[in-house]
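Chemist: sharing a sequence plus its predicted fold:
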Amino acid sequence: MRVNLLHEVPAKHHLINLKEEEEEEEEEEEEEEEEEEEEEEEDPRSANPRRRIRCPHQYATKMAACGLFRSLSSNFFTVLPVLTRSATLSPLRLTSQPYFERTLATSCRLTAALKFTGKHEWIRVEDDGIGTVGISKFAQEALGDVVYCGLPEVGTQLVQQDEFGALESVKAASELYSPLTGEVVEVNTLLADNPGLVNKSCYDDGWLIKMTIGNPTELDTLMDEAAYERYIRSIKD
Amino acid sequence: MMSHVRRTWSLGRNRSGVSCRTGSASIATCSGDAALVLLSRSNDVFQNLALEDWIEANVDLQRRGVLLLWRNRPAVVIGRHQNPWAECHLPAMRGGGVPLARRRSGGGTVFHDLGNLNLTFFSSKTSYDRRRNLKVVTEALRQLRPALDVRATDRFDILLNGHFKISGSAARLSRKSSYHHCTLLHSADHSALANVLRPSCPGIQSNATPSVPSPVANLLDHAPTLQWEELLDALVRQYNAEFSSSSSSITVDPADEAAFPGVAAAAAELRSWDWTFGRTPKFRVETVLQLADEWTAARCSARLQVEVKGGVVESCRLDVPADWLPLRLSGELSGVLVGGRFCRHRAAAAVTELTRSESGEARSRLKELGDAVLTAMG
């Protein structure tokens, strides 16, 4: 069980492993596609030497993130699973492991302070006061493989809850709703040729737009991670 | 008004004697958990699409579903993120009076006519289940004509005899609800379909969602006695069986603003150029124009490169041999197109203006070039 693994491994060792894994992952980006297919079939509970933990916020020091993570882990009854790229998870794995993966991702992101809407968008306020917007793991899983991202033009003025675009997946065209009021200052151009980034890296490379924050008090209307976790659990029930 | 037009069938009689003008009060706030079955009396594609949006936004779908049955006069309907210039032949459509509509759901391009039945299954997001919806269709058909081999595929198409597509699906997920709609080819006009479902312009490069072309067939070709009314009845019965309801169908009029407040504005938006063409994902056209001087029969090839964003020409480059037409003139022609809609009518006006100020051979060649560019615009 991974619970045991976590508590036994000394912090330093653990952190080194994480760093290596991060680098490994970046180098092997291309090659992994096929290998991941095979991994899916393994028993999720078996030790997986290629544990990859995707920390979505590149700027946060991994040490801080994982230090936090360790202290928080005791709050969660489930721990550290493999956080493989969501798009390639088999349905069986999804149903047996959803809480594991969410809690891990949550911990890494705490340093980045994500806020969530009830429609499963997230916004992260960067140092320069600009908000980066994307969709949550829950949303990305529910959507299935994204085949097209319909995003607004830079300069578009958005009011909180406005429809600002749509993601088309094999499942349906799903509307995107603006988490806040503000102006679109950047759109993720990588998604034009690689819409699957939304599935593979929903908190990082798969961001959708960046916007100004016209009305910071609106942030208070959004859920923090813990509240969002509870919200998801209530939906699933 | 009852649907009239070429065939005398209406979409459906009032089955239970429930009367026509059903207001939003009864639909949006219908008590109980029974699924509702609605038949649209309109054959206007924009009104029917607007009605779909209205139902999704205004009917509480959390506890119960709705089935809407509708059909349209000939029209081409493209998916949310598609490129109309790539998917359909705009000049042929103009010639035939066939309008273009962009729907809000994803998926590919379809040809609608009065022989093509549309079914929209509305539900909450959690109850969204396309397979279950398609089962309603396949089961209904199996009961009507057990000998017909109809099966739903992984792509949520329905195939007849394992080969001919008789139904395609698309869907939309929004705030709390969803809809999944599909076509069902009963007796559509195949030659009209083939005429319009081909590209307007050669050389389009885009990442818009493409259609997956398939051979199609009509149910009537394989079940010649299958009447439209019979098909509708079976579908309604099967829907009720699948969703454990016993609703009789209610005929609704999407032109009735009192019954569906806001529906006219929704239809107007769907008709607008900005929605239909302006929502096309960025694309570029790269093609070779074959030019011939009408007086001397001299020929040449010119290259056209256009970048279109939001349906508007962002950049235009014309490479025309300088001995055919002075570079200044081909440059001016590119220039007048930039900033305008990628639309033959708009561009034609600009081109005419430009040719007017020239004369002689330059004028006729400029006109020739202009016409070739306009043809490439579809």
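Modeler: Thanks, I have the structure now. Predicted model only: the values in this text are computed from it and were never measured. Residues are numbered from 1 along each chain as shown, chains lettered A, B, ... in the order given.
Chemist: contacting residues around the host helix or strand of B:I166?
Modeler: B:I166 is part of strand B:164-167, with elements assigned from DSSP states H and E. With Cβ atoms under 8 Å, 6 or more residues apart in numbering or on different chains as the test, strand B:164-167 has contacts from B:134, B:137, B:150, B:157-160, B:182-185, B:214-219. No exception for glycine: its C-beta is placed from N, CA and C like everyone else's.
Chemist: how far does stretch B:123-135 stretch from start to finish?
Modeler: 15 Å (Cα to Cα, to the nearest Å).
Chemist: one more: stretch B:242-251?
Modeler: 21 Å.
Chemist: quick one: mean pLDDT for it?
Modeler: The average pLDDT within stretch B:242-251 is 90.
Chemist: do stretch B:100-109 as well
Modeler: Rounded mean pLDDT across stretch B:100-109 is 96.
Chemist: close to chain A, is that stretch?
Modeler: Yes: using Cβ under 8 Å from any Cβ of the partner chain, we find that stretch B:100-109 touches chain A at B:104-107.
Chemist: wait, what's in contact with B:P202?
Modeler: Here B:P202 is in contact with B:287, B:376 (Cβ under 8 Å, 6+ apart).
Chemist: so it: helix, strand or coil?
Modeler: coil (DSSP: H, G, I helix; E, B strand; the rest coil).
Chemist: and A:T217, backbone torsions?
Modeler: The phi/psi pair for A:T217 (degrees, to the nearest 10) reads phi -60, psi -20.
Chemist: which other residues reach the helix or strand following the strand holding B:I166?
Modeler: Where DSSP H and E defines the elements, the next helix or strand beyond strand B:164-167 is strand B:169-173. By Cβ under 8 Å, 6+ apart, the residues outside strand B:169-173 that reach it are A:171-175, B:56, B:79-80, B:103-108, B:125, B:128, B:130, B:134, B:156-157, B:178-182.
Chemist: among those, name the ones in helices.
Modeler: The members of those that map onto helices under DSSP state H are B:56, B:130, B:134.
Chemist: does the second one touch B:F156 like I think?
Modeler: It stands for B:R130. Yes: applying Cβ atoms under 8 Å as the test, B:R130 and B:F156 come out as touching, 5.1 Å apart.
Chemist: near chain A, which residues of the stretch 201-350 of chain B show up?
Modeler: B:207-209, B:279, B:281-282, B:310.
Chemist: again, only this time at 7 Å
Modeler: By the rule Cβ under 7 Å from any Cβ of the partner chain, the part of the stretch 201-350 of chain B lying against chain A is B:207, B:209.
Chemist: helices or strands up against the helix or strand B:V306 falls within?
Modeler: Assessed by DSSP H and E, B:V306 sits inside strand B:299-309. Here strand B:299-309 touches strand B:283-292, strand B:312-319, helix B:360-376, going by 3 or more Cβ pairs under 7 Å, 6 or more residues apart in numbering or on different chains; DSSP states H and E.
Chemist: tilt between the strand or helix carrying B:H345 and strand B:312-319?
Modeler: Using DSSP H and E, B:H345 sits within helix B:344-356. Here helix B:344-356 runs at an angle of 50 degrees relative to strand B:312-319 (axes from the mean of the first three to the mean of the last three Cα atoms, to 10 degrees).
Chemist: now helix B:344-356 against helix B:360-376, angle please.
Modeler: Using the same axes, to 10 degrees: helix B:344-356 against helix B:360-376 is 170 degrees.
Chemist: tell me what helix B:344-356 is packed against?
Modeler: By 3+ Cβ pairs under 7 Å, 6+ apart, helix B:344-356 packs against helix B:327-337, helix B:360-376.
Chemist: and the first one, what's its mean pLDDT?
Modeler: Mean pLDDT, helix B:327-337: 94.
Chemist: quick one: buried residues of that helix?
Modeler: By neighbour count on 16 or more other Cβ atoms under 10 Å in any protein chain shown, the buried set for helix B:327-337 is B:329-330, B:332-334, B:336-337.
Chemist: can you show me the strands along the stretch 101-250 of chain B?
Modeler: Applying DSSP state E, counting those that start in this stretch to the stretch 101-250 of chain B gives strands spanning B:110-112, B:116-124, B:150-152, B:158-160, B:164-167, B:169-173, B:177-185, B:204-206, B:249-252.
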